[in-house]
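Peer 1: A structural model of the following input is requested.
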Amino acid sequence: GSVKLDLAAVQIITCPEFDLTDLRAYSPKQIIAFGSILKGSSAHYQLFSQEGISIIQADSLPMLDDPKKKSLWIALKQMFNI
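Peer 2: Numbering: from 1, shown residues only. Model prediction:
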C-alpha cells in the first residue's frame with residue numbers, strides 16, 4: 001500500500017538466490033528481494049539497476065529491525081518516486 005501497488009500487480013517468488021534470467025518470464029521492471037540475493041550482488045538496502053531492472057535487496061521480513069526498515073523505506077521511495 002505504501003508504494004501504491006496491490007497484490008495483483010506483484011509476483012512473489014521465494015528462493016534464497018536468483019538470477020535475472022530466472023525472472024525473465026515475468027518481465028519485471030522492479031524487484032524487491034526479501035531474504036533473497038541476486039547472484040553476484042552484495043548491495044543491500046540501496047536501489048541499483050541491472051539490465052534495466054530496478055532492484056532492492058533486503059533481509060527477510062522477520063530480520064528487519066527499525067534501522068533496516070528505515071534504510072529499506074529510503075530505497076523504496078527512490079524506486080517508486082515517492
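Peer 1: make it CA atoms for all contacts and neighbour counts henceforth
Peer 2: Noted.
Peer 1: Any idea how many residues pack against residue 78?
Peer 2: When neighbours are counted by other CA atoms under 10 Å, residue 78 registers 12.
Peer 1: Next one: the residue nearest to it when sequence neighbours are not counted, what pLDDT does it get?
Peer 2: Of all residues not flanking residue 78 in the chain, residue 47 sits nearest, at 7.2 Å (CA to CA, 6 or more residues apart in numbering). On the pLDDT scale, residue 47 is placed at 94.
Peer 1: Can you verify my assumption that residue 47 contacts residue 77?
Peer 2: No: the pair residue 47 / residue 77 is not scored as a contact, 9.6 Å apart, by CA atoms under 8 Å.
Peer 1: Can you tell me the centre-most residue of this protein?
Peer 2: Per CA atoms, centre = their mean, the C-alpha nearest to the average position across the chain is that of residue 32, at 1.3 Å.
Peer 1: That one - that's part of a strand, no?
Peer 2: Yes: assessed by DSSP: H, G, I helix; E, B strand; the rest coil, residue 32 belongs to a strand.
Peer 1: What lies in contact with the worst-scoring helix or strand of the chain on mean pLDDT?
Peer 2: Using mean pLDDT, DSSP states H and E, helix 20-23 stands out as the lowest-scoring helix or strand of the chain, at a mean of 88. Surrounding helix 20-23, the residues in contact under the criterion CA atoms under 8 Å, 6 or more residues apart in numbering are residue 38.
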